[in-house]
Structure formats: C-alpha cells, structure tokens
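[1] structure, please.
(4 chains)
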There are 2 protein chains.
Amino acid sequence: MAGRPKIFDEREVVEKAVDVFWTKGYETASADELLEAMGIGKGSFYLAFKGGKKELYEKSLRQYADRFDKQLLHDLSISKDPIQLIKDFFMALADDPKSKQMKGCYIGNALVQLSDGDADTKLIAAELLGSVEGIFTDVIRKAQQEKRLKNKAKPEVLGKYLINLWNGVNVTRRSNPGYENLREVLEMSLQVLH
Amino acid sequence: MAGRPKIFDEREVVEKAVDVFWTKGYETASADELLEAMGIGKGSFYLAFKGGKKELYEKSLRQYADRFDKQLLHDLSISKDPIQLIKDFFMALADDPKSKQMKGCYIGNALVQLSDGDADTKLIAAELLGSVEGIFTDVIRKAQQEKRLKNKAKPEVLGKYLINLWNGVNVTRRSNPGYENLREVLEMSLQVLH
DNA sequence: ATTATTATGTACCAATTAGTACAAAAAGAA
DNA sequence: TTCTTTTTGTACTAATTGGTACATAATAAT
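    Next comes the predicted model:
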C-alpha cells in the first residue's frame, strides 16, 4: 500500500455529478462545471474516470438507478399492500415541488437526450428502466396470484403500462408543473390497478 | 422590389432542419450540419434567421406542430367516428418502423432536451403540445355531448390523459423499439375511450 | 448603364469544448 | 533518508462551437 491518498469518495462525487447532469442535461453539463460541483481537479478526475465524461455519466445512471431500485424494493418489502404502495408512489408525483416537476426522470431523460452516437449509454438507460418495470411486473404477478388484484391482464403488460405512465408523467408535467389535473389524470391512469 | 433573389424557400429549409434536429437533438445538431442539410451558406442563413440556431429551432417547432395539427384536424373533419380515429391514431404508434420509434415526438423531445437556459423555447413546445391536447379535449367533449362516449370524466382530464399517453409511448418505445407488448399497452390505455 | 437593394459565399474569430502532459505532492516501504 | 507508488493541480492543446465582417453577385428601378 503506497501512494498519495485520494481526497474524494467516488460514490459521493458521482452523486454530485447526478445533480449537475439532471438539471443541465448530458450534453449541456460541461466537464468544468461537473468538476467544480464534484470538488475535484482534472488530474484526479481523468485518473479515476479514464472514460471521461461519458464514463462518469454511465456510472451516475447506474448509481442513481441502484439507489432508486433498492429504495423501492425496501418500501415494497415492508408494505402490507404493495399495489397500494405503487399507487401512492405514482400519486406522489403530483406532490413534488415545482423544481422537481421540471427535471423529469433521471433515467428517462437519458433516453431522450442522448444522440445516436451514444447508443451504448442509451442501452444502459433502457436496461435500468427495464429493471424498474420488472419490479412492477413482479408485484403485479404476485398480487394476481394472491387474488389481491382483480385485473387479469398479463403482468408484463401491466408492468409496461406502469413504466409508460411513469415516462409520460415525467414528460407531461415538465410542460405544466403543478397543473391542476395531474392528480385526476393519475387517478384515471391507476384505475387499471383494481 | 429589388435585390438578389433568394435561392431557397424558408419553409423548405426549415423542414430540412426539422430532420436534423429530430435525429440529433437540439444541442447536438451543429450549425454547420444544419446548413449543410439546408443547402445554404452562413451568409444567407444568418441574414434570414437573425436569431441564429435558436430562431431556426423555434420556427422548426412551430412549423412542425402546425403541419401536425392541420393534418389531425383534417382527418378528424372527414371522420365518421372521431373517437375511433383517435384510437387508430394511437394504435398506429405500434406500426411505426424502428427508425421512427427511436426518434420520439419532435415537440416532446424539446421539452426534455432543452436546458433551463432555453426556458422560452421550452414554453413554446409546451404551448404546441397544449394545442394537440386541446384538439383531443374538443373531440372528447363533443363525443360526450353526442352520447358517443360513455366515459363521463371531464374532457380536460381525458385530454391530458391522452397527451400523457402520447408522451409516455414516445419515451418508452425508444428503449425497446418494436417491443411485443406495445400494442397491448396501447389497447389497455385506450380503454378509457369507451 | 447606373444605382439601390438584397442575397450569397468566404474568410475569419473569440469562446468553449473535452481531454492530455507533466511536474510536484503525499503517502508507505525499505 | 531514500525509493516507489499513487494522486493532485496546473498549464496547455487541438478541435469545434455559434456567429460576424465584408467584398461580391444578382436582381429591379431609374
């Protein structure tokens, strides 16, 4: 063991980078800006992230999604009524502060913001969204088996329906943050979970 | 009337610009690339579009939406069953070629791709989507009045529901173009139009 | 034909981009 | 202390960005 010690924790600086990428977008977030927010210099950065900005972004996507999934799975694990939890999860979108309404979904943004040149990164985002979809699907399948969900549609279809709802709301509310009818739209959309 | 004649038609070159912006995204589409596709030089461009790239983009959004709205209104005007037409309109999303599935909605993309610095342009995109929403809402209101639609939900909510569906599908299908269940998800989503 | 007007093409520019080179710093090991 | 290893900060760079300046070209009016 030798060498000068790192002055930063990788998970922490990646978390800072999430902030910047989320509010500014992948292209618009400049390397300087990211480094500033992360609190490290170029020397350290390009040593730790040999792939540069792109590697940082991919790691930020993975780290964000990982945290998100773990949180959701945890909440589900301690819930008496997982279907209701998913409903609440969606309804909570209507209560987000305006600032959050404007930012969209961190993963979904990647899907829309990346150009064809970043097809590989896009694929990562697709996988990560697919992971959330899988969680939804599992909850639905189980609820159907336990007769807690009357809707007999294929769990995979309902899972995709929910992810689609998620993606939609995260785009729609950007155009009109805090708009009156979001709650009613969500209620209407969630009637399939009966 | 005097002066050297223009060698291009504004609507035509803006249409070319739509192509570039759509496939590459606002930031990623470079001025050179746009000019190349439009087939005009910098001199002509910056004379005709004093606001540069941004003005071109805003005009492209307006022109695209204008064409889109007119087409939709026309189709509705000659339709015997406007609600069915809207259903078909959405179901057609599942038949798009992969290349189109990957591109998303031209207007919705703006909402997600623009950074906070372009809030004014974002607002334009929001208005344009609102215009489509208004068309949906009108169709629904009329159908309810004519008892052709049983669903008694507020037309405004159903209109927002449909735009939300539109936005969702245009994000979701990017992650998995041509995926199996899109058709079923759409059918499930359109059950509200009964 | 001369003039006024508008459009065009090209050369140029300042700013910013992501990324590199490298010498100095900070630790442990000998 | 001296050597080795790793990290850090800074100076630099090559490419690209959107945009401007301006001389020239092409037309209509006089």
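[2] gap between residue A:23 and residue B:6?
    Residue A:23 sits 41 Å away from residue B:6, going by CB to CB, to the nearest Å. C-beta coordinates here come from the backbone N, C-alpha and C atoms, glycine included.
[3] extract the C-alpha trace of the lowest-mean-pLDDT helix or strand in chain A and format it as CSV.
    Least confident helix or strand of chain A, by mean pLDDT, DSSP states H and E, is helix A:98-101 with a mean of 92. Provided in CSV are the C-alpha atoms of helix A:98-101 (Å, rounded to 0.1, in the frame of the first residue of the first chain):
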residue,chain,number,x,y,z
LYS,A,98,-42.2,22.6,-9.0
SER,A,99,-38.4,22.3,-9.1
LYS,A,100,-38.6,18.6,-9.2
GLN,A,101,-41.5,18.5,-11.6
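[4] can it be said to contact chain B?
    No - figure legend: helix A:98-101 not in contact with chain B (CB under 8 Å from any CB of the partner chain); closest approach 10.4 Å.
[5] which residues does the residue in chain A that DNA strand C sits nearest to contact?
    Of all residues in chain A, the one sitting closest to DNA strand C is residue A:52 (2.6 Å; CB to the nearest atom of the strand). Contacts of residue A:52 were listed using CB atoms under 8 Å, 6 or more residues apart in numbering or on different chains, and they are A:31, A:46.
[6] ok, it to residue A:45 distance?
    Applying CB to CB, the value for residue A:52 to residue A:45 is 8 Å.
[7] overlap in contacts, the two.
    In contact with both residue A:52 and residue A:45: residue A:31, using CB under 8 Å, 6+ apart.
[8] so what does the least confident helix or strand of chain A touch, helix or strand wise?
    In this structure, helix A:98-101 makes packing contacts with no helix or strand, judged by 3 or more CB pairs under 8 Å, 6 or more residues apart in numbering or on different chains; DSSP states H and E.
[9] quick check: angle from the helix or strand just after it to helix B:106-113?
    Downstream of helix A:98-101, the first helix or strand assigned by DSSP states H and E is helix A:106-113. Using axes from the mean of the first three to the mean of the last three CA atoms, to 10 degrees, the direction of helix A:106-113 lies 130 degrees away from that of helix B:106-113.
[10] contacts for helix A:106-113?
    Contacts of helix A:106-113 with the rest of the structure, by CB under 8 Å, 6+ apart, involve A:18, A:21-22, A:25-27, A:57, A:61, A:64-65, A:103, A:121-122, A:124-126, A:128-129, A:166-167, A:170-171, B:25, B:104, B:108-109, B:112-113, B:171, B:174-175.
[11] distance from that helix to the middle of the chain?
    Relative to its chain's centre, helix A:106-113 lies at 9 Å (CA atoms, centre = their mean, to the nearest Å).
[12] and that helix, anywhere near DNA strand C?
    No - using CB under 7 Å from any atom of the strand, helix A:106-113 stays clear of DNA strand C, coming no nearer than 13.4 Å.
[13] quick check, the helix or strand just after that helix touching chain B?
    Using DSSP H and E, the helix or strand that follows helix A:106-113 towards the C-terminus is helix A:119-145. Yes - applying CB under 8 Å from any CB, one finds helix A:119-145 touching chain B at A:122, A:125-126, A:129-130.
[14] most neighbours among those, please name it.
    Counting neighbours by other CB atoms under 10 Å in any protein chain shown, the top entry in these is residue A:125, with 27 neighbours.
[15] what's the burial count for the spatially closest residue to that one that is not a sequence neighbour?
    Leaving aside its sequence neighbours, residue A:125 sits nearest to residue A:110 (CB to CB, 6 or more residues apart in numbering or on different chains; 3.9 Å). The number of residues packed near residue A:110 is 27, by other CB under 10 Å.
[16] then residue A:9?
    Residue A:9 sits with 9 neighbouring residues when counted by other CB under 10 Å.
[17] measure it to residue B:170 for me?
    Residue A:9 is 38 Å from residue B:170, by CB to CB.
[18] tell me the domain ranges of chain A?
    With domains defined by automatic domain parsing, chain A comprises A:7-67, A:79-194.
[19] would you point to the one among these that's packed deepest?
    Looking across the domains of chain A with neighbours counted as mean count of other CB atoms under 10 Å in any protein chain shown, the highest average goes to domain A:79-194: a mean of 18.
[20] strands along chain A, start to end?
    Applying DSSP state E to chain A gives no strands.
[21] next up, phi/psi of residue A:4, please.
    The phi and psi values for residue A:4, taken as degrees, to the nearest 10, are phi -60, psi 140.
[22] follow-up on the earlier one: off-centre distance for the least confident helix or strand of chain A?
    Remark: helix A:98-101 is offset 15 Å from the chain centroid, using CA atoms, centre = their mean.
[23] was I right about residue A:177 contacting residue A:103?
    No - Residue A:177 is beyond contact range of residue A:103, at 9.7 Å (criterion: CB atoms under 8 Å).
[24] residues from chain A in reach of DNA strand D?
    Contact residues, chain A versus DNA strand D (CB under 7 Å from any atom of the strand): A:2-8, A:40-44, A:47-48.
[25] what comes up buried for stretch A:69-77?
    Under the neighbour-count criterion of 16 or more other CB atoms under 10 Å in any protein chain shown, stretch A:69-77 has A:72, A:76 buried.
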